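> fold the following, please.
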Amino acid sequence: MQSLKSLAEGFLVAAGLIWLLNVAALLWGGDAWLGLMYLLILLIPAVSLTYLKLKTQNRMFAGAQEWRGLLFSVQGIALAFWLYDIATTFYAINITGLAVELNPMGWPWGILGAMAFYVPTQGFAYFLLYKQKEKVAFLASVPLTLLTLAMGSMNLVAGAQNFQVFVNTAILNVSMRTGVITLLLTMNLAVPLTLKRMLTKPLKVTA
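Sure, this is the predicted structure:
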């Protein structure tokens, strides 16, 4: 369970970072209205998770276990970078038709090449960090983690290049702007308030 939590935390942190970079790209060189929409979408989980973090106690685990969780969370970061690359590649090739796959395997078979790296790497990292308690296993996981992060960084760069196609082609329809932004603003207010009400609602005790 701790391994899954660490993987999810790394994935969510990386996904939030990617989303912020996308917002910045849209506000700077694309459709600013679309960038604002992306930002408002991001605020919904960000505010909700922050509120949950502040309202619930989170007991930190200490020592080697904390470091194991931190190292394994990098696997989640790399996974987010890879999925970002896949999503933006699909848009650039299948939706716009403005790009081609450079991988010799072609698209979408190029995904299998990355899977051949990530699946065994993450499985081996899990084995070293959570199934082996010796110090040498922990130390062996460090270069493996760095290798995974390097591979994920390459996917992030490729995804950012693909996202430039989205920046250049995607536009939020004028007739939809006010309605979509209003809806997202309403959700930004409604979701945290609903969450607050659910957490502060007293429990019914039956005698």
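
> for the protein, what spans make up the helices?
Listed in chain order, the helices of the chain (DSSP state H) span 2-29, 32-55, 64-90, 110-126, 135-169, 174-200.

> what's the closest non-adjacent residue to residue 2?
Distances taken as CB to CB, 6 or more residues apart in numbering put residue 69 closest to residue 2, at 6.2 Å, once the chain neighbours are dropped. Where you see a C-beta, it was placed from the backbone N, CA and C, and this is true even at glycine.

> just to revisit the earlier point, dump the helices of the chain to TSV, plus mean neighbour count, mean pLDDT and distance to residue 101.
Shown next, in TSV, are these (neighbours: other CB atoms under 10 Å; pLDDT from 0 to 100; distance: least, CB to CB, whole Å):
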stretch	mean neighbour count	mean pLDDT	distance to residue 101
helix 2-29	17	90	21
helix 32-55	16	85	26
helix 64-90	20	90	7
helix 110-126	15	89	6
helix 135-169	16	91	11
helix 174-200	12	86	32
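
> from residue 80, how far out is residue 139?
Residue 139 sits at a distance of 26 Å from residue 80 (criterion: CB to CB, to the nearest Å).

> circling back to that earlier point, of all the helices of the chain, which one is nearest residue 96?
helix 135-169 (5.6 Å; CB to CB).

> now the angle from the closest one to helix 64-90?
Between helix 135-169 and helix 64-90, the angle comes out at 30 degrees (axes from the mean of the first three to the mean of the last three CA atoms, to 10 degrees).

> how distant is helix 135-169 from the center of its chain?
The gap between the average C-alpha position of helix 135-169 and the chain average comes to 12 Å, counting by CA atoms, centre = their mean, to the nearest Å.
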